[in-house]
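how does the following fold in three dimensions:
(one chain, ligands or ions: 1)
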Amino acid sequence: MSQESLRTDTDEAMGADEDVMVEVSNLRTYYDEGGLLGGNPVKAVDGVSFEIKRGETLGLVGESGCGKTTLGRTLVQLEQATGGEIRFDGTDITELSGPKLKAWRRDAQIVFQDPDSSLNDRMTVGEIVREPLDVHDWKTPDERRQHVRDLLEKVGLQREHYYRYPHQFSGGQRQRIGIARTLTLEPEFIVLDEPVSALDVSVQAEVINLLEDLQDEFGLTYLFIAHDLSVVRHICDRVAVMYLGNIMEIGPTEELFTDPSNPYTHALLSAIPEPDPTAKKNRITLQGTPPNPRFPPNGCPFSTRCPARIRPEEYRHLSNELWDRIDTLREVLRERHRADRSVSDRIKALLGKETRFGTIEEIYDELFSDVSVPEEVQSVLDEIAEHVRQNDEATALEVLAADFESVCGSEHPEFYPVGESNRVSLCHRHDDSYRDPEPVLEERHGYVPNE
Ligand SMILES: Nc1ncnc2c1ncn2[C@@H]1O[C@H](COP(=O)(O)OP(=O)(O)OP(=O)(O)O)[C@@H](O)[C@H]1O
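Presented below is the predicted three-dimensional model:
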């Protein structure tokens, strides 16, 4: 489905007259692009599109390093977008500069995870909270002081705290100071980047309640970045699930939690710890770690770890175990292909001596010695081994892809409408030509959603 038809469908599902505040289209934020050494940039945010409605809280979840902070920082222009658009009430803010950018910055603020590192210990609380007003030359000094004292009260501190220093406060109180500072210029939109993760569990709920109260009082719109899925479920109206710079699924919170569609959402939700330690947990265990965002896989971003990856029809009879080993071989070859061999490794390889890479025989011994490998698979493995012996991992990967690859490894999926509200999910399995993720997850991993 194209982005355009996706938008139309989603608009219909959500009610086209909803008041959209932020519209993000095909946004990319790359680091180290065109650096001195050239090479591949870090694709921290790699083409995301979504909307945030006025007054709502959109949650952003995903494993560490998937690009959540970069996306949040790009939305408030602390990071420069590499491509795409961010429209706030229709204006593309990636195009703003100079006084126009400065004026817009009043409307969008960010609360950081760690109140300790975001507050200057040599300034009084009053100076910290007042600073944005000074920068923007807001009204008179007297009115600024008055406004700051009012704000301290609003965030649950006292007016007298104006002359104290941050180190005189607890972690929860320091986060309240940070929140007061973001409110000084009366923003409409706030990115909350893991605002309670650094706090004691006992004060997390208080700060969450404060954020909810402030949202009601000032009509704020939030992007709420979090690791803790139970907090997200409590506070967010909708949730976006991110993996390797992409949004994999986005939709209303309760629906997404009770009826996930994307294999990655299934995996993420199945990893939530069970409150009852004796309960049998129905889990999907993801192998390995996410790929390096400098070298995202071709095709679907989740393809290298997907527990529901589509397999080529002609090899459907192979056992799950053998498929796991073939998938591992692909990852080993990808690693070897990317790894920069040291000079001494190159010399050793040229002299026919052992290098840290190990031989293909050792790898095959590890992977395939205890599984039954049919002849047609063995002949492909032999061909792959021959290329690896010539240090030609690129051709080895091509041979592997030609035989064992499916659409997941070759084509970037499109968004498909799923669930009751037509929320969207990025997965080839939503195409009618393939089986849905759920029966495949059950067959391969014994995983039954919501069991
Ligand atoms: N300034 C930078 N220069 C180069 N790479 C960066 C920079 N900042 C982040 N990255 C990389 O971009 C990717 C996304 O990082 P980001 O911090 O946005 O992820 P995240 O999902 O917020 O992670 P976490 O949950 O651990 O905070 C990571 O691979 C990270 O190493």
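
going by C-alpha atoms from here, please, whenever you check contacts or count neighbours.
Fine.

what about the closest residue to the ligand within the stretch 301-450 of the chain, how many residues nearby?
Using C-alpha to the nearest ligand atom, P301 is the residue of the stretch 301-450 of the chain that sits closest to the ligand, at 13.8 Å. Applying other C-alpha atoms under 10 Å, we find 27 residues neighbouring P301.

what sits against it?
With contacts taken as C-alpha atoms under 8 Å, 6 or more residues apart in numbering, P301 has the following neighbours: Y243, L244, N246, H412.

looking at it, the last one is touching G299, isn't it?
Going back to what we said before, that points to H412. Yes - here H412 lies in contact with G299, judged by C-alpha atoms under 8 Å, at a distance of 4.1 Å.

what does the strand or helix carrying Q146 contact?
Taking DSSP states H and E as the definition, Q146 sits inside helix 141-154. Counting by C-alpha under 8 Å, 6+ apart, helix 141-154 makes contact with 126, 129-130, 133, 138, 158-162, 177, 180, 183-184, all of which sit outside it.

please list all residues in contact with the residue of the stretch 201-350 of the chain found nearest the ligand.
Distances from the stretch 201-350 of the chain to the ligand, computed as C-alpha to the nearest ligand atom, single out P293 as the nearest residue at 5.6 Å. For P293, the contacting residues are V42, K43, A44, L244, G245, by C-alpha under 8 Å, 6+ apart.

restrict these to contacts with the ligand.
The residues of the contacts of P293 that also fall near the ligand, by C-alpha under 6 Å from any ligand atom, are V42, A44.

kindly reformat the contacts of P293 as TSV and extend each row with secondary structure.
Written out in TSV, the entries for the contacts of P293 read as follows (DSSP: H, G, I helix; E, B strand; the rest coil):
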residue	secondary structure
V42	strand
K43	strand
A44	strand
L244	coil
G245	coil
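
reformat the contacts of P293 as CSV; add neighbour count.
Supplementary listing: the contacts of P293 in CSV, determined by neighbours: other C-alpha atoms under 10 Å:
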residue, neighbour count
V42, 18
K43, 24
A44, 24
L244, 26
G245, 27
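
S49: what secondary structure?
Three states are possible here, and by three-state DSSP the one that applies to S49 is strand.

and for it, the neighbour number?
With neighbours defined by other C-alpha under 10 Å, the count for S49 comes to 18.

how close does it sit to the ligand?
As for S49, its distance to the ligand is 16 Å (criterion: C-alpha to the nearest ligand atom, to the nearest Å).

contact partners for that residue?
The contact partners of S49, by C-alpha under 8 Å, 6+ apart, come to E23, V24, S25, N26, L27, I247.

7 Å instead?
S49 makes contact with V24, S25, N26, L27, according to C-alpha atoms under 7 Å, 6 or more residues apart in numbering.
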